[in-house]
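S.K.: Show me how the following folds:
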Amino acid sequence: MTKYIFVTGGVLSSLGKGITAASVGTLLKHSGKKVGMLKIDPYINVDPGTMSPLEHGEVFVTKDGAETDLDIGNYERFLDTSYLKSSNFTTGQVYSSVIERERAGGYLGQTIQVIPHIVGEIVSRIKLAGEGHDILVVELGGTVGDIEGLPFMEAIRQMKHDDEVAGTFFIHVTLIPYIKAAGEMKSKPTQHSVQELRRIGITPQMIIARSERALPKTFKKKLAMSCDVPNDSVIEALDAATIYDIPVTFLRQNILKPIAKELDLGELDPDMEEWDSLVKKIVQPKNKTVVGFVGKYLELKEAYKSLTESLIHCGAHLDTRVEICWVDSEQIEERGAEALLADCDSVLVAGGFGNRGIEGKIQAIEYARVNKIPYLGICLGMQLTLVEYARNVLGFEGANSIEFDEETPYPMIYLIDNFMDQSGNSQLRTHKSPMGGTLRLGEYPCDTKEGSIIREAYNGQKTIYERHRHRYEANPTYREQLEKAGMIVTGESNGLIETVEIKDHPWFLGVQFHPEFTSRLQTPNASILAFVQASLSVE
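M.R.: A predicted model of the protein is given here:
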C-alpha cells in the first residue's frame, strides 16, 4: 500500500509549497523510493488552460496532454520524471465528475452532499494518483482557512484513518515574519495557522519555516513546542540562490529522519552528489551568455516558468550563467529590434496567444535572421518565422497567420478543421471552437531530417518526442516555395510541419513543440541545450 505525505500552507500564499513538495520528493527518489506527486488546486476552473498567464502563470502540459498547474512542471524538473493528468486535479473537475455521475443515476437517488460524495471523490482521486508508488507527495494549493479548500482538508483528514492507506505524514509550510522595527521574528502567525489546522482535525508533524533570516535555536525550540512537533521537525527554509539548492539544504537539516521514522521507511541515504555538483555550477558558473528573451507576458515572469528554468538547466550542464535580457515585443514595435537586442548573444521568441505584440516578434526574428544571430523560436515563435520569411524573403505582402488575420492573402499558418488528437480521436476545430480542450496537446513524435540542426541536437535520433500546446499549424501549401528560398522543413509529425531551419544561417531553429516541458535539471532538453551552446560560441 502507498504512504502519503501531505503538504499544506499557512499564513499566506506563494511560500513555496510546490518547491517543498518537489524537494521532499526528490530526496525520497534519490533514496531509492518510487515517488508519485500530486497537486490539488481548489479553484473552480476545470483546468488552468483558459486562465490568463498574467493571473495564474504558466500552464504546464503533461505527456498525456493535460493542461495543469505549473507546480507539475516543478515536480518533473526536480524528480526527472514524466507525470500524467492524474497528478493534478481541481475543484471544477471534482464537482463535474460528481454531477455527471448524479445525472447518470450513479448515486441511486441519494441526496448529493459535500460529505460524503465530494470528499469521497477527492479521496478516490488521491488514491488513484498513489497507485504503483511507495510514496505519494500531495501538495494542497491555497492557504489553510480558505473556504474553497475545506473539502480537501476534510479528505486528507479522513485518510489518516483509511484502512487502504499505509501511513500519512503532514508537513505545514508557513511564514516566520521578521519585524524590522522591533528586531524580532514572530511565531504567532504560524501558531494561529497550526491552530486552524487542528480545528479541522489535522495535526502537522513537521513545520517548514520560510524566513529571510536564520532561525535562532531558542526560536526553533519555541516554535516546536508551540506547534507540538519534535525539535528536529522544524526545518528552516531560507531564501536561496537557486530553488535547486533547497533539497540539499533540507538534507543538511536531516529532514528525512522524522519522515522515515513516522512512515517506517528505514534508514534513508539519498545520493545527491551529481545534483550538488550541478547546483554549484548554477551558483558559481565559469562562463556567461546573454539571451534576448522576446515575450509578451513579461509583467509576470511565471508565465514562462518552464522556459526560464530550462535555460538554468542548460547553463548548469555548460557551466554557464545564462543571463536573460527580457524584451517586451510591444517595445520592439516602438523602438526597433536593434535598440533592444544589440547586446544579446542570441534571440529566443517564446510562444503565446493573441495578436498583441506580434509585429514586434516578427521584427526580432528578422533581426536574428539578417544578422545571423543564433535564434530559437518556440511554438508561436516558430510560426512567425514562416510569416517573417514569407514577407521579407518571398515578398508575400500581407502574409500572416489566420489567427491574426482571417483574410490574409498568404495564410502561412492555418487551422486544420479535422485533427487527430493525442488519444487518436478525430477532433473538429474551428475559429469559434471553445479554447478549453481544442488545442493540440501532449506528446507527439517528430521525424527529423538527416544533417539538420535538430537531429544533431538530439544526438542523431531519427524520431524525437516532444509536447505541444497550440491550435494553429504551419501551412504545407507554401513548403516548396519556402524551401526553394532557403527555409527548410527539418521535422515532421504525421505530415504536419514541426521544425524549420534556414540553410545559410549558423544556427536558426523554429520548433512547433514546447521543448521546455521536457527539460529537467539532470537531463536538459536537447534543442534548448544546443541553442545555449550556439549562444555561448558567439564572439
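S.K.: wait, Lys20 sits on Ile208?
M.R.: Small correction: residue 20 is Thr, not Lys. Yes. Under the criterion of Cβ atoms under 8 Å, Thr20 makes contact with Ile208 at 5.3 Å. Heads up, the C-betas are built off the backbone N, CA and C, glycines and all.
S.K.: hang on, Leu12 in a strand?
M.R.: No. Using DSSP: H, G, I helix; E, B strand; the rest coil, the assignment for Leu12 is coil, not a strand.
S.K.: which SS class is Phe250?
M.R.: helix.
S.K.: So, low pLDDT: which residues of the stretch 51-200 of the chain?
M.R.: 53-54, 56 (pLDDT under 70).
S.K.: ok, 90 please
M.R.: 51-59, 69-70, 108-109, 145, 180-184 (pLDDT under 90).
S.K.: circling back: residues shared between the contacts of Thr20 and Ile208?
M.R.: Common contacts of Thr20 and Ile208, defined by Cβ atoms under 8 Å, 6 or more residues apart in numbering, comprise Ile171, Val173, Ala237.
S.K.: Now, these that are in strands?
M.R.: Counted as lying in strands by DSSP state E, out of the shared contacts of Thr20 and Ile208, are Ile171, Val173, Ala237.
S.K.: Which of these sits closest to Ile528?
M.R.: Closest approach to Ile528 among these (Cβ to Cβ): Ala237, at 28.9 Å.
S.K.: Identify the residues contacting the closest one.
M.R.: Gly16, Thr20, Val173, Ile208, Ala209, Arg210, Ser211, Ile246, Thr249, Phe250.
S.K.: ok, how many other residues are close to the closest residue in space to Tyr389 that isn't next to it in sequence?
M.R.: Distances taken as Cβ to Cβ, 6 or more residues apart in numbering put Met487 closest to Tyr389, at 5.0 Å, once the chain neighbours are dropped. Met487: 26 surrounding residues under other Cβ atoms under 10 Å.
S.K.: go on, Asp447?
M.R.: There are 16 residues near Asp447, going by other Cβ under 10 Å.
S.K.: Same question for Glu334.
M.R.: 10.
S.K.: can you check the one 10 residues further on too?
M.R.: Residue neighbour count, defined by other Cβ under 10 Å, stands at 25 for Cys344.
S.K.: looking at this, it is in a strand?
M.R.: No. Checked against three-state DSSP, Cys344 lies outside a strand; its state is coil.
S.K.: How about it: what's its closest non-neighbour residue?
M.R.: Gly292 (3.4 Å).
S.K.: in its sheet, what does the strand or helix carrying that neighbour sit against?
M.R.: Using DSSP states H and E, Gly292 sits in strand 287-295. In the sheet, strand 287-295 lines up against strand 320-328 (parallel), strand 346-349 (parallel) (DSSP bridges).
S.K.: Which neighbouring elements make contact with the following helix or strand past it?
M.R.: Note on strand 287-295: by DSSP H and E, the next helix or strand toward the C-terminus is helix 305-317. In terms of contacts (3 or more Cβ pairs under 8 Å, 6 or more residues apart in numbering; DSSP states H and E), helix 305-317 is packed against helix 70-79, helix 273-283, strand 287-295, strand 320-328, helix 526-536.
S.K.: which residues sit against the helix or strand that comes right after the first one?
M.R.: Per DSSP H and E, the first helix or strand lying C-terminal to helix 70-79 is strand 88-90. The list of residues contacting strand 88-90 from outside it, by Cβ under 8 Å, 6+ apart, reads 38-47, 62, 66, 68-69, 71-72, 125.
S.K.: Pull out the buried members of those.
M.R.: 38-43, 46-47, 62, 66, 68-69, 71-72, 125 (16 or more other Cβ atoms under 10 Å).
S.K.: Max pairwise distance over the residues you listed: which two?
M.R.: So, the buried ones among the contacts of strand 88-90 by Cβ to Cβ: farthest apart are Pro42 and Thr62, at 19.9 Å.
S.K.: Could you check how far stretch 298-307 is from the centre of its chain?
M.R.: A distance of 10 Å separates the centroid of the chain from that of stretch 298-307, by Cα atoms, centre = their mean, to the nearest Å.
S.K.: Pull out the buried residues from that stretch.
M.R.: In stretch 298-307, counting by 16+ other Cβ under 10 Å, buried: Leu298, Lys301, Ala303, Tyr304, Lys305, Ser306, Leu307.
S.K.: Residue most distant from the centroid, the chain?
M.R.: Gly109 (41.3 Å; Cα atoms, centre = their mean).
S.K.: What values do phi and psi take at that residue?
M.R.: Main-chain torsions, Gly109, degrees, to the nearest 10: phi 80, psi 10.
S.K.: Give me the buried stretch members for the helix or strand containing Ala368, please.
M.R.: Under the criterion of DSSP H and E, Ala368 resides in helix 358-370. For helix 358-370, a neighbour-count test (16+ other Cβ under 10 Å) marks Ile358, Glu359, Gly360, Lys361, Ile362, Gln363, Ala364, Ile365, Glu366, Tyr367, Ala368, Arg369 as buried.
S.K.: of those, closest to Ala182?
M.R.: Closest to Ala182, out of all of those and judged by Cβ to Cβ, is Gly360, at 48.3 Å.
S.K.: That closest one is in contact with Arg335, isn't it?
M.R.: No. Under the criterion of Cβ under 8 Å, Gly360 makes no contact with Arg335, lying 9.3 Å away.
S.K.: Buried deepest among the strands paired with strand 287-295, which one?
M.R.: Of all these, strand 346-349 carries the top mean neighbour count, a mean of 28, counting by mean count of other Cβ atoms under 10 Å.
S.K.: List the contacts of that one.
M.R.: 289-295, 307, 341, 361, 364-365, 367-368, 373-378, 380-381, 384, 507, 531-532, 534-535, 538.
S.K.: Are any of those buried, and if so which?
M.R.: Counted by 16+ other Cβ under 10 Å, these give 289-295, 307, 341, 361, 364-365, 367-368, 373-378, 380-381, 384, 507, 531-532, 534-535 as buried.
S.K.: and the residue nearest to the spatial centre of the chain, what does it touch?
M.R.: Nearest residue to the geometric centre of the chain (Cα atoms, centre = their mean): Gly73, 3.0 Å. By Cβ under 8 Å, 6+ apart, the residues touching Gly73 are Glu58, Phe60, Lys305, Ser306, Glu309, Phe517.
S.K.: Look up how far His514 lies from the fifth one.
M.R.: So the one you mean is Glu309. 13 Å (Cβ to Cβ, to the nearest Å).
S.K.: Which residue ranges of the stretch 101-250 of the chain form helices?
M.R.: Here the stretch 101-250 of the chain has its helices, by DSSP state H, counting those that start in this stretch, at 119-130, 150-159, 188-200, 217-227, 246-252.
S.K.: What residues does Ala129 make contact with?
M.R.: Gly36, Leu38, Ser86, Ser87, Leu136, Val138.
S.K.: From what I see, His30 and Met272 are in contact.
M.R.: Yes. Under the criterion of Cβ under 8 Å, His30 makes contact with Met272 at 5.8 Å.
S.K.: Give me the more crowded residue out of the two.
M.R.: His30 (20 against 16).
S.K.: Can you get me a residue count around the residue nearest to the more buried one when sequence neighbours are not counted?
M.R.: Using Cβ to Cβ, 6+ apart and skipping the chain neighbours, the partner closest in space to His30 is Pro270 (3.7 Å). Neighbourhood size, Pro270 [other Cβ under 10 Å]: 18.
S.K.: I figured Pro270 hits Ser31, correct?
M.R.: Yes. Between Pro270 and Ser31 there is a contact at 4.4 Å, judged by Cβ under 8 Å.
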